[in-house]
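> here is my input; please provide its structure:
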Amino acid sequence: MKSTRREFLQYTGLLTTQFVLTGCGCLTSQKTAQKDKPNVIYIMADDLGYGDLSCYGATQIKTPNIDMLAEQGRRFTNAYAPSATCTPTRYAVMTGQYAWRQPVKKTGILTGDDPLSIEPGSLTLPSILKKAGYSTGLVGKWHLGLGDGTKPIDFNGKIAPGPLEVGFDTAYFIPATIDRVPCVYIKDHYVDKLDPSDPIRVSYDGPIMGVPTGRDHPDRLKVGADNQHADVIINGISRIGYMTGGESARWVDEDITDLLVAKSVKFIEENKNQPFFLYLGVQDPHVPRMPNPRFRGKSGCGIRGDAIVEIDFLVGEVTAALDRLGLDENTLVIFTSDNGPILFDGYFDGALEDQNGHKPAGGLRGWKYLVFEGGMRVPFIARWPKVIKPAVTDKMFCLVDMLATCGSIAGQPIPEGKAIDSLDLSGVLLGTAERTSRDSVIQQGVSNTLAIRKGDWKYIPANATEKPTGIGLGANPKDSRFAESQIMEPLLFNLKKDPAETNNVIGQYPAKAKKMQALMEKIKQHGHR
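Below is the predicted model:
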């Protein structure tokens, strides 16, 4: 398989001297040193759609490294994000609880200086694995807040609480989305490579005097942006929010993926002799889309497609490191996305115009922000060569199940009353107990929209309000991104017969809708467990 991966990289032109991982010998002794518990690498892309990968039916964009994961593992066709937006999904993954159980100010789309949304010391995915003896590390996007909210965050000093207070041993992370300030990496508790003589100041309350913005200086921009994304210019890209200082610490968008690869491989190398958990938050294909120049034009589907090719490269480098270190057989690699895709999302980068027939949602209705299948159903692949036999499954899985499932695999059951929405689906994930499955899931979109799927049926209650709420966007409800967020009448779909949700059959099955509404209320009160 290693030669096959090399052939894939050569075919796509992405085998670079900079990242070729050569053999180092002693593989047998390293494999022997591995514990029985699998290492776990959880790779979460940002805004990657159900139809964005060639193993999920994409014909224009080629993703050979992710396809290889699917060929060697289990590919799910009914996996769901808990939310159609980023912060709520990440909160659910970390805590085993749906984000809508918390106030919107804690789990809406957070800014770069919002407080930590998870209570320090609480049960989390990394904390339960840490308890099981794992070394736990975060690399990449965080977007779950920082600090305790009692005072503004000082990005020039110790930044806490944060990832280390909720279960991670080490963290090298992007604070929020890459279109929000501060545009710096944080290492554990401190901004990395910060020059004390050039202190950082961050503001989401209003402009900082003397700070050039995309609104005032469009001639300085690499890509045009809407008004929401027209604040401070960093690396030739206007962002949401304002910041000054920290010049030496600022990231270069085109180099982010290479840095995440390097940091991830370093974490794997440093923890190769003990069980480890790596949470790798990939920034692509979220806006602003700025793949490294060597990926430009590789997809044939514009800059967003090129960003997806860049994700595939990252996956290839991480799995190649596992091969080189003799860790591949006993490492569970999971690849997924935090929500559905979006084409235009604030930057005029040609993603909509250049898609070249590509269907990011794979023919499903809707996109990011919306509670329809296109915003909720995500690619989900699990590979563990030692245990998982290659297969495609239609069993339901929700990312909120990660905590209980990984806890079970690591021998750490969930305490009673904790992670109430997370189910132990280890049998489904590993293919060892197909009868144990999730039969229902609650889905969350913007405008406080909730929906429920049970079996082949999906029910969406009416939710019409004056404008989208709880999304942290300040959005115009007439914006095409949110046009379908206002559900004027209740909807009922049979997904087996109508996967694209085109035919509302509530008039034919009112009793079914009533039962699903009752089930939703029961889950709201008591959870799934």
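
> may I ask which helix or strand of the chain has the lowest mean pLDDT?
helix 27-33 (a mean of 37; mean pLDDT, DSSP states H and E).

> parallel or antiparallel, list what pairs with whichever helix or strand comes after that helix.
The helix or strand immediately downstream of helix 27-33 is strand 39-45, counting by DSSP states H and E. The pairing partners recorded for strand 39-45 under DSSP bridges are strand 276-281 (parallel), strand 331-337 (parallel).

> can you list the ones you listed in a markdown table and add mean pLDDT and distance to residue 352?
For glycine as for every other residue, the C-beta is placed from the backbone atoms N, C-alpha and C. What follows is the strands paired with strand 39-45, written out as a markdown table (pLDDT from 0 to 100; distance: least, C-beta to C-beta, whole Å):
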| stretch | mean pLDDT | distance to residue 352 |
| --- | --- | --- |
| strand 276-281 | 98 | 25 |
| strand 331-337 | 98 | 19 |
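
> wait, which of those strands is closest to residue 419?
The closest approach between residue 419 and any of the strands paired with strand 39-45, judged by C-beta to C-beta, belongs to strand 276-281 at 16.1 Å.

> what sits up against that closest one?
39-44, 46, 90, 125-126, 129-130, 134-143, 168, 173-174, 260, 264, 267-268, 318, 406 (C-beta atoms under 8 Å, 6 or more residues apart in numbering).

> quick one: the helices in the stretch 351-500 of the chain?
Applying DSSP state H, counting those that start in this stretch to the stretch 351-500 of the chain gives helices spanning 373-376, 402-409, 426-430.

> same check on the stretch 51-200 of the chain?
Going by DSSP H, counting those that start in this stretch, the stretch 51-200 of the chain shows helices at 64-72, 86-95, 104-107, 125-131.

> and these, which one is worst for confidence?
In terms of mean pLDDT, the lowest-scoring of the helices of the stretch 51-200 of the chain is helix 104-107 (a mean of 84).

> off-centre distance for that one?
In this view, helix 104-107 has its centroid 18 Å away from the chain centroid, taken as C-alpha atoms, centre = their mean, to the nearest Å.

> in that helix, what counts as buried?
106, 107 (16 or more other C-beta atoms under 10 Å).

> ok, now stretch 147-163?
Per 16+ other C-beta under 10 Å, stretch 147-163 contains these buried residues: 147, 153, 155, 156, 159, 160, 161, 162, 163.

> would a markdown table of the helices of the stretch 51-200 of the chain with distance to residue 482 be doable?
Formatted as a markdown table, those follow (distance: least, C-beta to C-beta, whole Å):
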| stretch | distance to residue 482 |
| --- | --- |
| helix 64-72 | 30 |
| helix 86-95 | 16 |
| helix 104-107 | 16 |
| helix 125-131 | 30 |
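
> surely residue 459 meets residue 443?
No - applying C-beta atoms under 8 Å as the test, residue 459 and residue 443 come out as separate, 10.3 Å apart.

> which neighbours do the two share?
By C-beta under 8 Å, 6+ apart, the residues touching both residue 459 and residue 443 are 451, 452, 453.

> tell me how many other residues crowd residue 75.
23 (other C-beta atoms under 10 Å).

> rewinding a little: save the strands paired with strand 39-45 as a markdown table, and put in mean neighbour count and distance to residue 198 too.
Shown next, in a markdown table, are the strands paired with strand 39-45 (neighbours: other C-beta atoms under 10 Å; distance: least, C-beta to C-beta, whole Å):
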| stretch | mean neighbour count | distance to residue 198 |
| --- | --- | --- |
| strand 276-281 | 26 | 27 |
| strand 331-337 | 25 | 36 |
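
> in TSV: the ones you listed, plus distance to residue 296.
Output for these, formatted as TSV (distance: least, C-beta to C-beta, whole Å):
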stretch	distance to residue 296
strand 276-281	23
strand 331-337	22
